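Trainee: My questions are about this predicted structure, shown below with the sequence.
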Amino acid sequence: MDKTLLAKTAAAMVAKGRGVLAADESSATCETRFKTINTACTEENRRAYRGLLFTTPGVEKFISGVILFDETTRQKTDDGAVFTDYLAKKGILPGIKVDTGAKNLALCPGEKVTEGLDGLRERLAAYFKAGCRFAKWRAVITIGEDPTLPSHTCLYANAHALARYAALCQEASIVPMIEPEVLLDGAHSIERCEEVTEAALRASYAAMAAHNVSIEHLILKTSMVVSGKTNARQAGVDEVAERTLRVLKRTVPAAQPGIVFLSGGQSDVSATAHLSAMAASKSLPWPLTFSYSRALQNPALNTWKGQSGNVAAAQRAFHHRAHMNSLAAEGKWKPELEKQVA
Ligand code: 13P
């Protein structure tokens, strides 16, 4: 466990005006995304698309790290550079998704637990050798119509797995990014989302303490406190920011080097607006930034459409979203800036 390296990596991930690109969609999720642009989900198309994102000129100004999927660590740019080496040379930290997905939690209908602990120590050692300096593990918490969901069992099973993963990462000198995601799907109120997010974070940090995870070498990737997708009352930007910050202040130790957000199915501009409102808040104990997949990639994917002739335009679209989110991470984004050409 190289604490100096862990501290350096964690600080770089959340450096001022920079955030993390999540490009760790599994091949199954890629298939879903590529279907929307009528593009075959072949290994070559996944490589070409990831290459488009990573080689976007100037994007390193806004992107501190990229979360990769296992396959991507062995792929190369059009010019033959291994992606992990290419990114590191550009000053972007390669990261890796190490969980193997959310599976049905036994005896808890409708709930999931994330798997992937078996053999993780060995996989982390190999990823470190390949240049990966941080890792991600996503737990999925569903707010059910049944008021007893999420269950205590689900929250604690996921928190336990997150803590065992985080401890293994730190042992391997890889910064763990723990992601207890409370899904926004459902008709629940924002008040209920706030309660569940608080419970999920409390369970996660209790587990971190129980497993001796060093808070100084840990990054939280969290969902925001938002209204359920089909709830009639959709909370505005200020309310989302206020409720999310209240929960984070209650639960996340000040010793932690930073917090990043997932976008979770919010619109691209909402994800940016919410981050900016929170980051503009004074005297927070930790830097806040983005770690979006969809909210960073949507315009690029929809411009690319699987056609090599669209690569330059898709890169401009990606650069623009990365720029907007970089401004948001400093609390400096304004809606008018969206109209400016990338
Ligand atoms: P979204 O921003 O699309 O929610 O993805 C972030 C992520 O990495 C989920 O694990």
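Mentor: Cool, got the structure.

Trainee: switch to C-alpha atoms for all contacts and neighbour counts from now on
Mentor: Will do.

Trainee: Just the closest residue of the stretch 1-150 of the chain to the ligand, please.
Mentor: Ala22 (4.9 Å; C-alpha to the nearest ligand atom).

Trainee: where does that residue fall, phi/psi-wise?
Mentor: Torsion angles at Ala22 (phi, psi; degrees, to the nearest 10) stand at phi -90, psi 110.

Trainee: May I have the beta-bridge partners of it?
Mentor: Residues in a beta bridge with Ala22, per DSSP bridges, are Ile67.

Trainee: Would you confirm that it contacts Ser293?
Mentor: Yes - using C-alpha atoms under 8 Å as the test, Ala22 is close enough to Ser293 to be in contact (4.5 Å).

Trainee: SS state for Glu145?
Mentor: Using DSSP: H, G, I helix; E, B strand; the rest coil, the three-state assignment for Glu145 comes out as coil.

Trainee: so it touches Ser189, yeah?
Mentor: No - checked against C-alpha under 8 Å, the pair Glu145 and Ser189 is beyond contact range at 10.8 Å.

Trainee: Looking at the two, which is more packed in?
Mentor: Here Glu145 and Ser189 are set side by side on neighbour count (other C-alpha atoms under 10 Å), and the busier one is Ser189, at 19 against 11.

Trainee: returning to what we had before: in terms of packing, which of Ala22 and Ser293 has more residues around it?
Mentor: Higher neighbour count among Ala22 and Ser293: Ala22, with 24 against 20, using other C-alpha under 10 Å.

Trainee: For the more buried one, give me its contacts.
Mentor: Shown in contact with Ala22 (C-alpha atoms under 8 Å, 6 or more residues apart in numbering): Val66, Ile67, Leu68, Ser291, Tyr292, Ser293.

Trainee: swap the cut-off to 6 Å and go again
Mentor: The neighbourhood of Ala22, defined by C-alpha atoms under 6 Å, 6 or more residues apart in numbering, consists of Val66, Ile67, Ser291, Tyr292, Ser293.

Trainee: Compare those residues and tell me which is most surrounded.
Mentor: So for these (other C-alpha under 10 Å), the most neighbours sit at Ser291, 28 neighbours.

Trainee: Name the SS class of the closest residue to it other than its chain neighbours, please.
Mentor: Across the structure, with C-alpha to C-alpha, 6 or more residues apart in numbering as the measure, the residue nearest Ser291 apart from its sequence neighbours is Val20 (4.4 Å). In three-state terms, and counting by three-state DSSP, Val20 is strand.

Trainee: Could you give the number of residues near Val20?
Mentor: Taking other C-alpha under 10 Å as the criterion, the count of residues near Val20 is 27.

Trainee: Was I right to think it contacts Thr289?
Mentor: No - no contact is recorded between Val20 and Thr289 when judged using C-alpha atoms under 6 Å, the distance being 7.9 Å.

Trainee: which residues in this structure form helices?
Mentor: The residue ranges that make up the helices of the chain, judged by DSSP state H, are 3-13, 27-35, 43-54, 83-89, 120-129, 152-171, 190-210, 237-251, 268-279, 294-304, 311-329.

Trainee: can you list the ones you listed in TSV and add mean neighbour count, distance to the ligand and mean pLDDT?
Mentor: What follows is these, written out as TSV (neighbours: other C-alpha atoms under 10 Å; distance: least, C-alpha to the nearest ligand atom, whole Å; pLDDT from 0 to 100):
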stretch	mean neighbour count	distance to the ligand	mean pLDDT
helix 3-13	18	14	98
helix 27-35	15	10	96
helix 43-54	19	15	98
helix 83-89	18	18	98
helix 120-129	16	18	98
helix 152-171	22	13	98
helix 190-210	20	15	98
helix 237-251	18	16	98
helix 268-279	23	9	98
helix 294-304	22	4	98
helix 311-329	24	12	98
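
Trainee: Nearest to Pro180, out of those?
Mentor: Evaluated with C-alpha to C-alpha, these place helix 190-210 nearest to Pro180, the distance being 6.8 Å.

Trainee: Sweet, I'm off.
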